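> sequence and predicted model, in that order:
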Amino acid sequence: MTSAPPSAEPAGGRPRLLLVDDDTAITDALGAFLGRSGYEVLVAGDGAEALEMVAASAPDLAVCDVMMPHVDGREFVRRVRAQGLWLPIILLTQVGESYERSAALDEGADDYLNKPFDPHELLSRIRAVLRRAKPGVPPLTTSARLRSGPLLLDRPGRRVWLGDEELALTPKAVTLLDWLMAHPGEVHSRDRLLAALWGFEFATSSRAVDHRIAELRRVLGDDPAHPRFIETVQSTGYRFADDVVAA
């Protein structure tokens, strides 16, 4: 596709969502729900049709199933990113497929949600991604290095520095730090972090998250009472409190 997406505002000023799934029962129900929630909803039956609609309609965000005929969700992400388009994309994956989740994020998806899911949870993710998305700017999830003040994370190398000192962290703590830094300012429940980083099949208690948070705070020298990096949100979970930039 060589033509640039149009720059017209969505009709009525409502954010325009592209919903991509080959299951019409899902698109019918979910499209109606998102429409009632204040969004203009476009629907595509597979990734190939979705690519045409991206060029023709300039959606503000795409919600795309992974398992589809012709062009699947991950290939859709790859083709969109190959065009230099930083359209925010949320992928819908199957529960327990941890490789699909990590591969989707590595290839440029902004977020993912396990099927089956609560539509209200999807709505929350859509709002969070739209808040942090900057038109034409790659998301932090695509950056090889992330920096927050003196804290530097080398994502491919799984290495972390605080100033000039390289830190010794367990692999799971690095993975948790990666997730938090790539989604700064967003509150993540313990269950969400378990699903994203451990998979529910591998963890039986949210204490697994708390233990890794405690490790990060100890190594970073982050005071829980006056945190610079990782803040506890009472009765909810955790968020990365400092600004994060691509390094």
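Alright, I've got the coordinates. Since we're looking at a predicted model, the values are computed, not measured. Numbers count the residues shown, from 1 in each chain.
> name the element residue 31 belongs to?
Assigned by DSSP states H and E, residue 31 belongs to helix 24-36.
> so how far is that helix off the chain centroid?
21 Å (CA atoms, centre = their mean, to the nearest Å).
> next SSE after it?
Next helix or strand after helix 24-36 toward the C-terminus (DSSP H and E): strand 40-44.
> now that following strand: mean pLDDT?
Mean pLDDT, computed over strand 40-44, is 96.
> and what of stretch 89-99?
Mean predicted confidence for stretch 89-99 is 72.
> could you do stretch 144-153 as well?
For stretch 144-153, the mean pLDDT works out to 95.
> residues of it that come out buried?
Neighbour counts over stretch 144-153 (16 or more other CB atoms under 10 Å) mark 146, 147, 148, 151, 152, 153 as buried. From N, CA and C alone the C-beta is placed, and that goes for glycine too.
> again, but for stretch 173-186
Neighbour-count burial for stretch 173-186 flags 173-184, 186 (criterion: 16+ other CB under 10 Å).
> next one: stretch 131-148
Buried residues in stretch 131-148, counting neighbours by 16+ other CB under 10 Å, are found at 132, 133, 139, 140, 141, 142, 143, 146, 147, 148.
> residues in contact with the third one?
Residues counted as contacts of residue 139 (CB atoms under 8 Å, 6 or more residues apart in numbering) are 86, 88, 108, 110, 132, 133, 182.
> mind listing which of the buried residues of stretch 131-148 are in helices?
residue 132 (DSSP state H).
> okay if I get the buried residues of stretch 131-148 as JSON lines plus distance to residue 162?
Shown next, in JSON lines, are those (distance: CB to CB, whole Å):
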{"residue": "132", "distance to residue 162": "24"}
{"residue": "133", "distance to residue 162": "29"}
{"residue": "139", "distance to residue 162": "24"}
{"residue": "140", "distance to residue 162": "19"}
{"residue": "141", "distance to residue 162": "22"}
{"residue": "142", "distance to residue 162": "24"}
{"residue": "143", "distance to residue 162": "19"}
{"residue": "146", "distance to residue 162": "13"}
{"residue": "147", "distance to residue 162": "11"}
{"residue": "148", "distance to residue 162": "10"}
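> the protein: helices as residue ranges?
Taking DSSP H as the test, the helices found in the chain are 24-36, 47-57, 73-82, 98-106, 119-132, 171-182, 190-193, 207-220.
> for residue 246, see how far away residue 143 is.
Using CB to CB, to the nearest Å, residue 143 is found at 4 Å from residue 246.
> oh, that last question was meant for residue 146, not what I typed.
Distance of residue 146 to residue 246, computed by CB to CB: 7 Å.
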